[in-house]
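> Sequence first, then the predicted structure:
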Amino acid sequence: MKQLPRIGDHMDAVVPTLSPETRIMRAVDFLLRHRVTGAPVVDSDGRLLGIITETDLLKLVTEGIQAQPPTEATVAEYMTTDVVTVPPTVDIYYVAGIFLKNKIRRLPVVEDGHTLTWMLRPAYSFADTQQRDIYQFEQRLVQLVESSEYLSMRTLGIVKYDTFSSPIWLVTFEGDAVKKKKVFISGGVHGDEPAGPEAVLATIIEAANDPSKYEHVNIDFVPLVNPSGWVNGTRLNGADEDINRGFHLLNSQEAIIINDYLISHNRYKLMIDHHEDPRYPGFYMVTYGNNDLSLVSDVT
């Protein structure tokens, strides 16, 4: 089974930390000097006790003491102690799920109680108040297709909601072998699960970089089933519909567009739809309509 990217392979080697005894005004200077919005608070052995953030420091303002800085107050009095952490062995998609589920901006990476570093939530992907850029996503697809003679791209249809409109894109990979099986891979049916589209993009990248791995298959990719939900970070589409739950009813624009394409083509040997589940690291498969588990064994 291919190893998913681990956060331990991508984290910084050093992270600035504070002690619980640090005076609060010195902590403010510390954050400004390091140009960070927060820092782990550790004891003398390097064990994580909490984190101090710019939000915690705003308590200084809300308590009305900004005019008279609390020279004796310490970080321990203002830090957040209920901290979500992860070990360095989990994969980056699992971390993405934690960010979304817990509505947090930073995540300490801890091993044996010691803080190694932390992951910051990327603003372009996970910010609660900032929309994702659909044009940027399209450009990533275009660049991939232009980089490989095995890839092609087309628009299946356009979804429209009030002032929002976007294509639903289809990227096709065609292998070299004479006899090829057809596979359908999709992601992003729930807009608040951005790891799905990223996983589809990662597969497209791999197919473009090493087409021999997929020479016996033709793959149809729909990397972003729910563009409006993805842009706004919401599970539902622009009409507040759960595309996944109601797909068989064809009660959404997205389901109709994709279904029209599916029924006009030959049957696929395998169809995979990517979702996120922040409860578990790594990945697992849920199969429908087939009790034969040999497929799962072959894939993993």
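Right, received. Where do you want to start? Numbering: from 1, shown residues only.
> Okay, buried residues for the helix or strand where L107 lies please.
Applying DSSP states H and E as the criterion places L107 in strand 106-111. Going by neighbour count (16 or more other CB atoms under 10 Å), the buried part of strand 106-111 is R106, L107, P108, V109, V110. (C-beta placed from N, C-alpha, C; glycine too.)
> just stretch 132-143 next, same as before
So, applying 16+ other CB under 10 Å, buried residues of stretch 132-143: R132, I134, F137, E138, L141.
> quick check, nearest of these to E198?
F137 (10.1 Å; CB to CB).
> close enough to count as contact, that closest one and E198?
No: at 10.1 Å, F137 does not count as touching E198 under the criterion of CB atoms under 8 Å.
> Next, please give the residue ranges for the helices of the stretch 51-200 of the chain.
For the stretch 51-200 of the chain, the helices defined by DSSP state H, counting those that start in this stretch cover 54-57, 59-62, 75-78, 92-102, 123-126, 134-146, 195-209.
> So which of those is nearest P167?
It is, among those and with distance given as CB to CB, helix 134-146, at 7.6 Å.
> Between the buried residues of stretch 132-143, which sits nearest H34?
So of the buried residues of stretch 132-143, ranked by how close each gets to H34 (CB to CB), first place is R132, at 28.3 Å.
> Return the per-residue confidence for T155.
Looking at T155, its pLDDT reads 95.
> Next, the contact list for it, please.
P167, I168, W169, L170 (CB atoms under 8 Å, 6 or more residues apart in numbering).
> Contacts only, for the second one.
Listed by CB under 8 Å, 6+ apart, the contact partners of I168 are T155, L156, G157, I158, V159, V222, L224, V225, P227, E254, I257, I258.
> can we see that at 6 Å?
L156, G157, I257 (CB atoms under 6 Å, 6 or more residues apart in numbering).
> and the first one, how many neighbours?
Other residues within reach of L156 by the criterion other CB atoms under 10 Å amount to 17.
> just the last one next, same as before
A count of nearby residues for I257, using other CB under 10 Å, gives 21.
> bridging residues for H274?
G187 (DSSP bridges).
> For it, give me the pLDDT.
So H274 comes in at 93 (pLDDT).
> separation between it and V109?
Distance, H274 to V109, using CB to CB, to the nearest Å: 25 Å.
> ok, the residue nearest to L224 when sequence neighbours are not counted - how many residues close by?
Excluding the flanking residues, the one nearest L224 by CB to CB, 6 or more residues apart in numbering is G188, at 4.4 Å. G188: 29 surrounding residues under other CB under 10 Å.
> Quick check, G188 in contact with P197.
Yes: here G188 lies in contact with P197, judged by CB atoms under 6 Å, at a distance of 4.2 Å.
> which neighbours do those two share?
L224.
> Now the contacts of I168 in CSV, please, with extra columns for distance to T203.
CSV is the format used below for the contacts of I168 (distance: CB to CB, whole Å):
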residue, distance to T203
L156, 18
G157, 22
I257, 21
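> Just the ones in strands from the residues you listed, please.
L156, G157 (DSSP state E).
> who does I158 bridge with?
P167.
> what distance separates the start and the end of stretch 189-197?
9 Å (CA to CA, to the nearest Å).
> right, and out of the buried residues of stretch 132-143, which lies closest to P40?
R132 (28.6 Å).
> give the contact list for the closest residue in space to that closest one that isn't next to it in sequence.
Nearest in space to R132, with sequence neighbours left out and distances taken as CB to CB, 6+ apart, is V231 at 5.2 Å. When contacts are counted by CB under 6 Å, 6+ apart, V231 touches Q131, R132, I134.
> From D56, how far out is V231?
31 Å.
> related to what we said a few turns ago, what two of the contacts of T155 are the furthest from one another?
P167 and L170 (9.4 Å).
> So which of those two has more stuff around it?
L170 (21 against 16).
> Quick one: find the helix or strand in this protein with the lowest mean pLDDT.
helix 123-126 (a mean of 36; mean pLDDT, DSSP states H and E).
> that older thread, so which elements touch the strand holding L107?
On a contact count with 3 or more CB pairs under 6 Å, 6 or more residues apart in numbering; DSSP states H and E, strand 106-111 meets strand 114-120.
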